[in-house]
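**Student:** What follows is a predicted protein model with its sequence.
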Amino acid sequence: ASEVARVLITMGGSDPEDYTTRIIDFLCRYHSHDLSKISFDIVLGRSYQHSERVADMVSTANIRFSILGYVDDMAGLMSGMDLIITSGGTTLWECFTLGVPAIAVQIADNQRYNIESCSRAEAIIACGSLATLDLCLEQALANILETKGVRTKLQKNGLAICDGLGVKRVVSKIAEAVYA
């Protein structure tokens with residue numbers, strides 16, 4: 001796989017615990033690798049309450065950040081990324097379907113199973129609690145930026161979980177049952 005050039009950060013519609021600013025803060029302090037060649041796009045959900053803080057942080061950052069509000073074509077945006085840092089909800093399935101590797105952050109208790117099972121399947125790099133977020137992100141980025149083949153493995157394993165063709169398979173089975 002080629003170098004990481006574009007990274008999407010998206011924590012869902014509201015991000016009530018404000019993981020977004022914690023991730024931005026971490027990236028601004030991260031010095032283990034040169035991030036100057038990477039563009040970071042940040043999608044802020046419609047119910048996100050800290051947009052001004054994000055704008056302030058990004059305005060003084062030494063990293064290329066772009067802030068995006070509501071996105072009409074999220075799949076189109078996601079498909080152009082080399083990596084996505086996301087919450088552990090339904091966006092994970094979109095990452096898998098599009099073949100984009102992900103670092104998944106658990107921002108709610110109901111995401112634990114998704115993250116644990118997808119991590120066991122080596123389809124994501126999992127980051128759990130807020131207390132360990134910085135360390136986890138540091139290890140995840142180092143792994144992705146230093147180890148050849150990590151993104152390809154995540155992509156392959158993610159596509160094995162969710163290839164985006166489930167609706168066609170269901171319709172085919174229904175048609176078989178109806179016309180049998």
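**Tutor:** Thanks, I have it.

**Student:** alpha carbons only for contacts and neighbour counts from here, please
**Tutor:** Noted.

**Student:** Show residues contacting stretch 40-53.
**Tutor:** 6-16, 18, 21, 63-71 (CA atoms under 8 Å, 6 or more residues apart in numbering).

**Student:** what is the mean pLDDT for that stretch?
**Tutor:** Averaged over stretch 40-53, pLDDT sits at 94.

**Student:** and the contacts of stretch 40-53, which of them are in helices?
**Tutor:** The helices, defined by DSSP state H, take in T21 from these.

**Student:** PyMOL command for the buried members of the contacts of stretch 40-53?
**Tutor:** To isolate the buried members of the contacts of stretch 40-53 in PyMOL, using 16 or more other CA atoms under 10 Å:
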select buried, resi 6+7+8+9+10+11+12+15+21+63+65
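
**Student:** Can you list the buried residues in stretch 69-84?
**Tutor:** M78, S79, M81, D82, L83, I84.

**Student:** between those, which is nearest E176?
**Tutor:** S79 (33.0 Å; CA to CA).

**Student:** And the closest residue to that closest one other than its chain neighbours, how far from C127?
**Tutor:** Using CA to CA, 6 or more residues apart in numbering and skipping the chain neighbours, the partner closest in space to S79 is L98 (5.9 Å). Noted for L98: a distance of 21 Å to C127, by CA to CA, to the nearest Å.
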